[in-house]
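S.K.: next input, structure requested:
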Amino acid sequence: MTEREAVVVFLTNMAADHNYESAAKFGAVRPVTRGNFPVFKHIRLIEEIAETLAHSNKEDYLAFSGSGFIGALCLSMWLMLHKECRALLFDRQQNAYVLRVVKRDALLIDIEKAKDKANARLP
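M.R.: Next up, the predicted model:
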């Protein structure tokens, strides 16, 4: 991967009717998908997401907008590429994107704890 100076905000799905000004405060906005993407054509969707997120690095952000399915695929791929995701979620009360960090290792630990707890309840 080549070095680049600017931090990028990868936007899961760019909609024409949404203002992304508060996301742009974190870096240069780059859409992963645009508009009403046909989510049932999931193979093409996965390819497009992978092609775009392959240009991401750990200092970048992933801003969530639009389809939950697209957002889920983007986060899944992001955490395969990087140890953590600097996720930007839109807060309607603040009318702005807010930062939340999701760490792959923390998710794996929580899964193991939940499995241990579930197994402890078995007869």
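S.K.: can you give the distance of the lowest-mean-pLDDT helix or strand in the chain from its chain's centre?
M.R.: Lowest on mean pLDDT, DSSP states H and E among the helices and strands of the chain sits helix 104-120, with a mean of 92. Computed by Cα atoms, centre = their mean, to the nearest Å, the separation of helix 104-120 from the middle of its chain amounts to 22 Å.
S.K.: need the residues that contact it.
M.R.: Helix 104-120 is contacted by residues 79, 82-84 when judged by Cβ atoms under 8 Å, 6 or more residues apart in numbering. For glycine as for every other residue, the C-beta is placed from the backbone atoms N, C-alpha and C.
S.K.: taking these one by one, which sit in strands?
M.R.: Among these, DSSP state E puts Glu84 in strands.
S.K.: SS state for Val86?
M.R.: Actually, residue 86 is Arg rather than Val. Look at Arg86: counting by DSSP: H, G, I helix; E, B strand; the rest coil, its state is strand.
S.K.: err, Glu51, not the other one
M.R.: Glu51 is classified as helix under three-state DSSP.
S.K.: correct me, but Asp60 touches Ala6?
M.R.: No - judged on Cβ atoms under 8 Å, Asp60 makes no contact with Ala6 at a distance of 9.5 Å.
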